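**Student:** coords please:
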Amino acid sequence: MSQPPILAYENLSLHQGEGWLFKDLDLHIGPRDRLALIGRNGAGKTTLLKLIANQIEADKGQRMIQPGTNIVYLEQEPDFTPYKTLLEFAISGSDRPAEHDVEAIADQLGTDLSILAAKASGGEKRRAAICRALASEPDLLLLDEPTNHLDLGAIEWLEQWLSRYKGAFITISHDRTFLTRLTRQTIWLDRGGLRRQEVGFGGYDAWMEKIYADEAKDANRIDAKLKLEARWLERGVTARRKRNQGRLTKLWEMRAARAAMIGPAGTANLKAQSDDSRTKSVITAEHIAKSFGQGEENRTIIRDFSLRIQRGDRIGIVGANGAGKTTLLKMLTGELEPDSGTVTLAKTLNGVFIDQQRSLLSPEKTVRDVLADGSDWVEVRGVKKHIQGYLKEFLFAPGLIDAKVGTFSGGEQSRLLLAREFARMSNLLVLDEPTNDLDLETLDLLQEVIGDYEGTVLLVSHDRDFLDRTVTVTLGLDGSGTVDIIAGGYAEWEEKRKAEKGESRNDRKTAKSSGNNTAGQPAPRSATPAKKLSYKDQRDYDLLPARIAKIEQRIAEIETALSDTNLYTNDHAKFTMLTQENTALIEEKDTAEMRWLELAEEVEALEAAKN
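**Tutor:** Just a heads-up that it's a prediction; the model follows:
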């Protein structure tokens with residue numbers, strides 16, 4: 001480090017519950033550091049920020065800080081109850097920023113601080129908190145999920161402010177695009193320890209995989225429990241990367257097919273489709289419009305909009321707060337009637353709505369109560385599964401089946417809600433801001449679930465990277481009543497908007513590729529790929545799909561047998577044998593899938609080289 005740290009800790013340790021949350025951490029923060037703080041739910045990320053902000057005391061360790069250093073903490077959920085208006089909150093606190101500085105930032109953000117705090121929305125409160133934090137002239141800014149509840153315009157403004165900011169910051173965020181664009185260093189809170197790498201979030205995935213791979217290689221030198229954990233982590237990370245790569249390839253194919261249905265003027269082709277059930281329309285909107293208010297106060301929210309949504313489409317809805325995203329979503333799902341035009345829903349449509357309000361989760365209920373009404377078995381889309389196995393699919397330890405919901409973090413509660421709702425039979429999935437409060441690992445899981453979902457998805461989100469990884473069509477609202485229909489994700493919509501402003505594609509590519517901005521980009525292909533697969537590779541590529549299908553069939557047979565609640569009691573030996581066989585088959589299937597995906601990438605590279 002070229003300059004001395006403005007803040008440093010040695011042997012930082014905090015005891016929580018029955019053990020150490022983290023122990024003997026060493027941390028130094030330079031005057032211009034841009035740090036991404038990464039870690040799983042429950043690792044202690046927010047707690048670490050509170051320690052740095054001096055809001056709580058450590059049980060052990062030495063803290064060193066340069067005199068006069070101003071540390072400002074932007075909490076995830078600040079307490080507004082003592083304040084009448086948002087302005088009163090924004091000019092409060094130990095630093096008490098100047099009112100004119102607060103109002104200047106509020107003007108740039110386009111927010112009204114005269115609003116009563118008790119009636120303010122989540123987005124308005126978040127903006128007020130940002131105004132207070134930025135106007136306090138911090139030397140070190142601590143940001144806990146700063147983009148939560150912000151629309152795209154506010155997120156982009158905050159990114160621009162932070163890119164000009166002269167001090168240091170540490171941020172916790174689920175927004176991969178935000179992290180990739182801004183951070184230059186990464187600190188990873190993992191299993192009670194802290195690692196640091198002088199690379200921004202764009203290089204985090206590769207760094208993480210290398211660490212897990214190194215741990216797996218060294219596993220013979222550690223005890224059996226750690227050996228198993230290291231192997232599970234390394235295999236899980238690698239498998240998820242491969243599975244998601246395959247899903248992204250499938251997503252690009254779906255986008256290409258959908259682009260063919262969208263006319264050059266940007267309107268959806270309403271021509272009747274074939275009788276193939278896989279392309280049958282599930283929602284048809286024809287020339288719908290919606291306005292609110294009367295007389296001079298009348299405002300057109302949606303103007304003459306038409307769209308045919310096919311079975312299997314993943315529709316993303318984006319735009320600024322107040323642009324009409326929720327209005328459009330409600331019209332498409334039949335909850336709100338348009339002023340003119342028609343919306344026709346398929347008679348067989350059966351929807352699940354997830355809004356992340358967690359109203360279905362009572363703090364006193366256990367996980368078993370929430371998922372299985374107190375039973376050991378849960379019915380997942382018509383198939384009975386043991387609750388412990390189902391919990392694993394959503395990244396919960398099986399031993400948590402009797403834990404109370406109130407002991408879980410916000411992210412863990414959101415994950416539990418996803419597990420509950422995805423168990424239901426449905427062919428339409430409606431997600432309204434699903435990424436709030438989710439950690440990066442859960443976002444990866446949600447991406448997988450959406451990728452594997454056989455029905456239709458309607459998704460409202462401000463998470464740009466998540467949209468790019470999940471949706472086939474983006475509906476972009478600019479607030480004028482016009483809705484852009486774009487084949488692709490947020491990046492394609494942003495491309496269209498910027499092209500309309502005369503910005504060149506090359507300029508944007510140069511800006512996007514600066515620093516460590518590599519998240520979400522396909523890996524570069526070899527400059528000199530092989531001319532063809534080897535005999536063994538070609539044979540595996542041809543035969544593995546049938547082998548995988550056979551394994552899946554056997555797994556389904558075993559899970560059907562295990563769903564018999566009397567099997568464990570009546571024939572314990574058979575239950576044990578089937579359970580062991582199922583575990584071995586799942587591992588064999590994962591290995592086969594990873595092998596086939598690797599070969600599929602090679603085949604794709606060979607085809608690209610030929611063309």
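**Student:** switch to C-alpha atoms for all contacts and neighbour counts from now on
**Tutor:** OK.
**Student:** setting aside sequence neighbours, what's the nearest residue to residue 493?
**Tutor:** residue 486 (6.3 Å; CA to CA, 6 or more residues apart in numbering).
**Student:** so what does that neighbour have for phi and psi?
**Tutor:** Note on residue 486: backbone dihedrals following degrees, to the nearest 10 are phi -120, psi 130.
**Student:** my guess is it contacts residue 474, does it?
**Tutor:** Yes: taking CA atoms under 8 Å as the definition, residue 486 is a contact partner of residue 474 at 5.1 Å.
**Student:** next one: the residue nearest to residue 493 from residue 494, what distance?
**Tutor:** 10 Å (CA to CA, to the nearest Å).
**Student:** of those two, who's got more company?
**Tutor:** residue 486 (24 against 13; other CA atoms under 10 Å).
**Student:** pLDDT wise, what is the more buried one at?
**Tutor:** Residue 486 is assigned a pLDDT of 90 by the prediction.
**Student:** for residue 299, see how far away it is.
**Tutor:** To residue 299, residue 486 is 24 Å away according to CA to CA.
**Student:** same check on residue 470?
**Tutor:** Distance from residue 470 to residue 299, by CA to CA: 32 Å.
**Student:** now residue 173
**Tutor:** Residue 173 is 35 Å from residue 299, by CA to CA.
**Student:** what's the neighbour count on residue 599?
**Tutor:** Per other CA under 10 Å, the neighbour tally for residue 599 reads 18.
**Student:** how distant is the helix or strand it falls within from the center of its chain?
**Tutor:** Per DSSP states H and E: residue 599 is located in helix 572-610. Here helix 572-610 is found 25 Å from its chain centre; the criterion is CA atoms, centre = their mean, to the nearest Å.
**Student:** show me which positions of it end up buried.
**Tutor:** Buried positions in helix 572-610, judged by neighbour count with 16 or more other CA atoms under 10 Å: 575, 578, 582, 585, 589-590, 592-599, 602-603, 605-606.
**Student:** quick one: residues contacting residue 403.
**Tutor:** Residue 403 makes contact with 366-367, according to CA atoms under 8 Å, 6 or more residues apart in numbering.
**Student:** any idea how far it is from residue 350?
**Tutor:** Distance, residue 403 to residue 350, using CA to CA: 31 Å.
**Student:** can you get me a residue count around residue 548?
**Tutor:** Neighbours of residue 548 under the rule other CA under 10 Å: 19.
**Student:** same thing with residue 109?
**Tutor:** Residue 109 is flanked by 18 other residues according to other CA under 10 Å.
**Student:** that one: what's its closest spatial neighbour, skipping adjacent residues?
**Tutor:** Leaving out its chain neighbours, the residue that sits closest to residue 109 by CA to CA, 6+ apart is residue 154, at 6.3 Å.
**Student:** if we can go back for a sec, the helix holding residue 599 packs against which elements?
**Tutor:** helix 224-259, helix 535-562, helix 567-570 (3 or more CA pairs under 8 Å, 6 or more residues apart in numbering; DSSP states H and E).
**Student:** residue 479 contacts residue 327, doesn't it?
**Tutor:** No: at 11.8 Å, residue 479 does not count as touching residue 327 under the criterion of CA under 8 Å.
**Student:** which residues do those two both contact?
**Tutor:** Contacts common to residue 479 and residue 327, judged by CA under 8 Å, 6+ apart, are residue 301.
**Student:** now do the helices in the stretch 351-500 of the chain.
**Tutor:** 367-372, 387-393, 410-422, 440-452, 464-470, 490-500 (DSSP state H, counting those that start in this stretch).
**Student:** could you do the stretch 101-250 of the chain as well?
**Tutor:** Per DSSP H, counting those that start in this stretch, the stretch 101-250 of the chain carries helices over the ranges 122-135, 152-164, 176-182, 204-217, 224-259.
**Student:** contacting residues for residue 191?
**Tutor:** 22, 43.
**Student:** pLDDT at it, what is it?
**Tutor:** 83.
**Student:** so the residue nearest to residue 109 versus residue 126, what's the distance?
**Tutor:** Counting by CA to CA - residue 154 and residue 126 are separated by 10 Å.
**Student:** from residue 38, how far off is residue 175?
**Tutor:** Relative to residue 38, and taking CA to CA, residue 175 is found at 12 Å.
**Student:** where does the stretch 501-611 of the chain dip in pLDDT?
**Tutor:** For the stretch 501-611 of the chain, applying pLDDT under 70 flags the ranges 502-531, 563-566, 568-569, 608, 610-611.
**Student:** what's the answer for the stretch 301-450 of the chain, then?
**Tutor:** 355-360, 437.
**Student:** care to break the protein down by domain?
**Tutor:** Following automatic domain parsing, one gets these domains for the chain: 7-213, 279-501, 535-610.
**Student:** Serialize the ones you listed to CSV and add fields for distance to residue 250.
**Tutor:** Compiled in CSV, the domains of the chain are given as follows (distance: least, CA to CA, whole Å):
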stretch, distance to residue 250
domain 7-213, 21
domain 279-501, 9
domain 535-610, 12
